[in-house]
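Visitor: Mind folding the following:
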Amino acid sequence: MTVLAIPGITNLRDVGGMTVGGSRVREGVLFRSGHLSRAGAEAQSFLTERVAHIVDLRDDSEVLAEPCAVAGLRIARVPLFAGSIASFLLGDVSLAGLYRRIVDDGSDRIVQVVRILAAGEPTLVHCTLGKDRTGVSVALALAAVGADREAIIEDYALTASQLPESRNRAIAKWLEERLPMAQNAISLATESPAPVMRELLAEIEARHGSIADYLIRAGLRREELDALGEALVE
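Guide: Okay, the predicted model is just below:
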């Protein structure tokens, strides 16, 4: 994968280049990032020239608070979990627990994301940080077409290093002051540890047989799965 340093877009990268058996994921087809509310002129050029479709995984309150700063983009809204980020922090949900909820309660919406990717247009998937909802949905799409497992996990784990340290320190301080009993809150807000994604993918496979079978059971058609492979794999 390639980290793209474009002012105004945090945690932006192209996942192209991952090995898939004897081939690899196409470059310039699947991008991932955090929100686009601070996208300036350079970011606007990238979004209008290199991206055909944007998938926004945030809920209504997040979009209202931080709307996309670039007008005229083709954006599909696919809110990926019920409830708010605050509810997960207040409930002291772990990262692993959050991801299980996304996979179990949001399977139909993950299928919506995969269908958009299967169309083969250059697509940017994002949420607020590009960490959890984006991390899970992109990992499942890549795993469904047979991308190298460790490369998928490495891509997910890379997010932690892409979040500004000043932001993480400020959030950690805020959480320590207001939610001192919530042991998982800081991890939920700032971390993307490889073992969590490794465990999630293994758990889905143990329950469903494969990531592709999970998507099929969630409503994806076989021809759509084939189209996803054609779209993402060289």
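
Visitor: Contacts for stretch 62-78 next, please.
Guide: 8, 35-40, 43-44, 47-48, 51-57, 85, 109, 112-113, 116, 127-128 (Cβ atoms under 8 Å, 6 or more residues apart in numbering). C-beta: built from backbone N, CA, C; applies to glycine.

Visitor: List the ones among those that fall in strands.
Guide: Among the contacts of stretch 62-78, DSSP state E puts 53, 54, 55, 56 in strands.

Visitor: All the strands of the protein, in order from the start?
Guide: Under DSSP E, the chain gives strands at 2-3, 13-14, 19-20, 23-24, 30-33, 53-56, 75-77, 123-126.

Visitor: Relative to residue 161, which of those is closest?
Guide: Nearest to residue 161 among the strands of the chain is strand 2-3; the distance by Cβ to Cβ comes to 9.0 Å.

Visitor: Just checking: what are the partner strands of the closest one?
Guide: strand 13-14 (antiparallel) (DSSP bridges).

Visitor: Run the chain-centre distance for the strand it pairs with.
Guide: How far strand 13-14 lies from its chain's middle: 11 Å, per Cα atoms, centre = their mean, to the nearest Å.

Visitor: now do stretch 94-101
Guide: Counting by Cα atoms, centre = their mean, stretch 94-101 comes out at 14 Å from the chain centroid.

Visitor: Pull the residues that contact that stretch.
Guide: Looking at stretch 94-101 with Cβ under 8 Å, 6+ apart, the contacting residues turn out to be 81, 88, 93, 132, 136, 184, 187-188, 191-193, 196-197, 199-200, 203.

Visitor: from those, which is closest to residue 31?
Guide: Taking these together and measuring to residue 31 by Cβ to Cβ, the closest member is residue 136, at 16.2 Å.

Visitor: Which residues are in contact with the closest residue to residue 5 other than its chain neighbours?
Guide: Among residues not flanking residue 5 along the chain, residue 12 sits closest, at 7.8 Å (Cβ to Cβ, 6 or more residues apart in numbering). When contacts are counted by Cβ under 8 Å, 6+ apart, residue 12 touches 3, 4, 5, 6, 31, 32, 33, 34, 130.
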